[in-house]
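Undergrad: build me a structure from this.
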Amino acid sequence: MAHIMKVAGVSRGGLYQYFSNKEDVYEAILEERLKQFAVKTELKLDDEVHSYWDLLLTVIYGEDGTPDDKMDPFAPSNLEFFITGRQDQRRIEYGRNRYYNGLTIYQNVIKAGQEKGEFSKRFDCELLARSIIAFIDGLALDHAILPKEDIRLKEQSELFVEYLRMALH
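TA: A predicted model of the protein is given here:
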């Protein structure tokens, strides 16, 4: 908390007025990142989308929409945050809400693509969205416990893109 106060340039009282502990601060950071991600995705869905496939890849892999060897720098910390709090009812509830918010983001893109006829309706959009989350969470776990060269992040991600392509087209 002392480091946060220093970097943020706030007093102890100022920080504790908004946050009880570092877990509250971390949740606020996670929430803000997810909220920005959701708003950005919704804005893209509200615009005329030329390719839902490109939008989905952008949502999964970032602006260029292509897999690379870089993991989200928050991934190991997020994993630790949720695993160490797996017995904490508040954190369980927060994790559940975060999961379903993320699920909704992916599901909305897939559903829109299905409704516009770009994606096949062979698989339920919710099931596909859950597969995306499971894939990303699995890589985060691997990233946290295995040497980088054992993960083959880019290659696994490229294979996952092919899986999605087969499921959606």
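Undergrad: tell me the contacts of E31?
TA: E31 is in contact with R98, counting by C-beta atoms under 8 Å, 6 or more residues apart in numbering. (Glycine included, C-beta is placed from N, CA and C.)
Undergrad: change the start of the numbering to 107 and stick with it
TA: Got it, first residue is 107 now, which makes that one E137.
Undergrad: please, where are all the helices along this structure?
TA: 108-114, 118-124, 128-152, 158-167, 181-190, 195-221, 231-251, 254-257, 259-274 (DSSP state H).
Undergrad: is it possible to export those to JSON lines including distance to D175 and mean pLDDT?
TA: Putting those into JSON lines (distance: least, C-beta to C-beta, whole Å; pLDDT from 0 to 100) gives the following:
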{"stretch": "helix 108-114", "distance to D175": "29", "mean pLDDT": "81"}
{"stretch": "helix 118-124", "distance to D175": "36", "mean pLDDT": "86"}
{"stretch": "helix 128-152", "distance to D175": "21", "mean pLDDT": "82"}
{"stretch": "helix 158-167", "distance to D175": "12", "mean pLDDT": "93"}
{"stretch": "helix 181-190", "distance to D175": "13", "mean pLDDT": "83"}
{"stretch": "helix 195-221", "distance to D175": "22", "mean pLDDT": "91"}
{"stretch": "helix 231-251", "distance to D175": "11", "mean pLDDT": "93"}
{"stretch": "helix 254-257", "distance to D175": "8", "mean pLDDT": "84"}
{"stretch": "helix 259-274", "distance to D175": "5", "mean pLDDT": "96"}
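Undergrad: what's the closest of those helices to D174?
TA: helix 259-274 (5.7 Å; C-beta to C-beta).
Undergrad: that closest one packs against which elements?
TA: With contacts taken as 3 or more C-beta pairs under 8 Å, 6 or more residues apart in numbering; DSSP states H and E, helix 259-274 sits against helix 158-167, helix 231-251.
Undergrad: now the residue nearest the centre of the chain, nearest residue through space, not along the chain?
TA: In the chain, the residue lying closest to the centroid (C-alpha atoms, centre = their mean) is G208, at 6.1 Å. Computed as C-beta to C-beta, 6 or more residues apart in numbering, the closest residue to G208 that is not its neighbour in sequence is I239, at 6.1 Å.
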